[in-house]
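J.: Below is the sequence, then the predicted model.
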There are 2 protein chains.
Amino acid sequence: MAQARSAQRKQARKPRRRREGRDVRPQQIVAAAFEEFSEKGFAGTRLEDVAARARVSKGLPYLYFKTKVELFKAVIRSVISSHFDLIRGQMESTDLSVEAFLKGPFLRFMQELVGSRRAFIARPLIAEGHKHPELTEFYYDNVMSRGIETLTRLIDRGIESGEFKPTRLRDFPQLLVAPALTAIIWRSLFERHHHLDTDALLATNVELLVDAIKAPTAAPVDGGAT
Amino acid sequence: MAQARSAQRKQARKPRRRREGRDVRPQQIVAAAFEEFSEKGFAGTRLEDVAARARVSKGLPYLYFKTKVELFKAVIRSVISSHFDLIRGQMESTDLSVEAFLKGPFLRFMQELVGSRRAFIARPLIAEGHKHPELTEFYYDNVMSRGIETLTRLIDRGIESGEFKPTRLRDFPQLLVAPALTAIIWRSLFERHHHLDTDALLATNVELLVDAIKAPTAAPVDGGAT
DNA sequence: TGTGGTACTGACCAGTCAGTCATTATATGG
DNA sequence: CCATATAATGACTGACTGGTCAGTACCACA
């Protein structure tokens, strides 16, 4: 038989559809890598485990991603981009009052983010980001920078419309997001033993900050903007 | 076992200080380890480099610290404890108004912390904490838990005295500290290319939050304390 | 049925590093 | 000035892992 040639029978491997290969393999690998990286961090992840998780041999990831770092970048990209673009789009186009937007869609976005498994890539990013400048630069340009810019515009809109007083929150929109980071880290470190209601934490922060910058409404006051 | 007898005799001697070695070496090593860990993270740090930095041989750290993890714990302990105890003590014993305390000593404490090199051990802690449960537990018990408790008491004091309205900040004192974490991470990731005035960031946060929870003073209001 | 191209495999290599231990240097007590 | 305890050394080991590459299995098409 023709099979005789393969008489040096290797361990039986699962045959794969040749067609899908080039198309789906990278996604499979990225998905597996996401799980591993978010669980074990960058240095702690063995590419062998990524491969195993993707049900692929050890060498294959290197066929699609030149190095471990390259694979990590691909993971970041796949996790970050879409979601953040979405909320940014909403910020630009919503016709809600700024307060309503912050307390509604924006708050829910943060709550969802913090609760999702995606939040866990923050850990390796924080831990090893400084070793990969182009990676953090990518992250800064695509998330931080644009997010801050958009939030600033949002607050400014509130100020211009007289909804908000002009405060320094305008200069530090990070304050609206800071608790999300805290919540993520809390989750990843302490959640197992010390529960924290992160949804309420985030909600409280938005409420308090909005309270602090809201222009008084009870008494009729002509535009308090100085 | 002829030595056994003489060993028994020697046992009676009082502890003699053999030069400085035993006393100063551990501190030397911990200091060097702190530098390395804060620069390169836990996994990224080679004990050989720690040793070199402390100007001792590669084997010596193992004479004083059983493993790398043990050394890391010693670093955390040495960095954390004193400073946090200090501010906690002040919180308990100050006779400033709560607002004044938050805007004064407390703010300065955070600003100093964020600006100091100590802040950098946060990175390895976040990155690898989950792999060392007793370490995070130690950190939680010694810093988080007590810090939160003290802050809660502080806010409660403000509420009882009528200085503050009763708000949910009481339940989430983390909000007072969250921006410090953000600032630390910002520094360690982006500071090189994208400056952020962390002192002002922290100050703004305290101001806004205090604003939000401060009981109105302009109009005479009977004490809201329950 | 054979042949060629390629997606894929997994043994292997080279480098790294935590941790060990036989050995050396030195202070102290006698 | 020896004897001894011990601080300190640094070559070494064993385990591990990023990355390579010679080869295999499978498909398409002739």
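T.: It's in. Numbers count the residues shown, from 1 in each chain, chains lettered A, B, ... in the order given.
J.: Could you use CA atoms for every contact and neighbour count after this?
T.: Fine.
J.: Can you report how many residues neighbour A:Gly89?
T.: The burial metric for A:Gly89, expressed as a neighbour count using other CA atoms under 10 Å in any protein chain shown, is 11.
J.: What mean pLDDT does the helix or strand containing it get?
T.: Remark: A:Gly89 resides in helix A:68-93, with elements defined by DSSP states H and E. Helix A:68-93 comes out with an average pLDDT of 88.
J.: Which positions within that helix qualify as buried?
T.: Applying a neighbour-count criterion of 16 or more other CA atoms under 10 Å in any protein chain shown, one finds A:68, A:71-77, A:79-80, A:84, A:87-88, A:91 buried in helix A:68-93.
J.: Among these, which pair sits farthest apart?
T.: Greatest spatial distance in these: A:Lys68 and A:Met91, 35.4 Å, computed using CA to CA.
J.: sorry, back to before: so what does the helix holding A:Gly89 touch, helix or strand wise?
T.: Using 3 or more CA pairs under 8 Å, 6 or more residues apart in numbering or on different chains; DSSP states H and E as the contact definition, the elements that helix A:68-93 packs against are helix A:21-40, helix A:146-160.
J.: export those helices to CSV and tack on distance to B:Leu135?
T.: Output for the helices and strands packed on helix A:68-93, formatted as CSV (distance: least, CA to CA, whole Å):
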stretch, distance to B:Leu135
helix A:21-40, 17
helix A:146-160, 34
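J.: now for those helices, which one comes closest to A:Val206?
T.: Checking the helices and strands packed on helix A:68-93 against A:Val206 by CA to CA gives helix A:146-160 as the closest, at 12.6 Å.
J.: ok, and what's touching that closest one?
T.: Under the contact criterion CA atoms under 8 Å, 6 or more residues apart in numbering or on different chains, helix A:146-160 has outside partners A:88, A:91-92, A:97-99, A:164-166, A:170-171, A:173-174, A:225.
J.: Among these, which one lies nearest to A:Thr204?
T.: For A:Thr204, the nearest member of these is A:Glu99. The distance, counting by CA to CA, is 13.6 Å.
J.: What separation do you get for A:Val75 and A:Ala33?
T.: Using CA to CA, to the nearest Å, one obtains 7 Å as the distance from A:Val75 to A:Ala33.
J.: cool, and A:Lys103?
T.: Relative to A:Ala33, and taking CA to CA, A:Lys103 is found at 34 Å.
J.: ok, those two, which is more surrounded?
T.: Ranked by neighbour count (other CA under 10 Å), A:Lys103 and A:Ala33 place A:Ala33 first, with 27 against 18.
J.: Give the residue spans of chain A that score low on pLDDT.
T.: For chain A, residues meeting the criterion pLDDT under 70 lie at A:1-21, A:218-226.
J.: Dump the buried residues of helix A:68-93 to JSON lines, plus distance to DNA strand D.
T.: Compiled in JSON lines, the buried residues of helix A:68-93 are given as follows (distance: CA to the nearest atom of the strand, whole Å):
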{"residue": "A:Lys68", "distance to DNA strand D": "4"}
{"residue": "A:Leu71", "distance to DNA strand D": "9"}
{"residue": "A:Phe72", "distance to DNA strand D": "10"}
{"residue": "A:Lys73", "distance to DNA strand D": "12"}
{"residue": "A:Ala74", "distance to DNA strand D": "13"}
{"residue": "A:Val75", "distance to DNA strand D": "14"}
{"residue": "A:Ile76", "distance to DNA strand D": "16"}
{"residue": "A:Arg77", "distance to DNA strand D": "18"}
{"residue": "A:Val79", "distance to DNA strand D": "21"}
{"residue": "A:Ile80", "distance to DNA strand D": "22"}
{"residue": "A:Phe84", "distance to DNA strand D": "29"}
{"residue": "A:Ile87", "distance to DNA strand D": "34"}
{"residue": "A:Arg88", "distance to DNA strand D": "34"}
{"residue": "A:Met91", "distance to DNA strand D": "39"}
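J.: Noted, bye for now.
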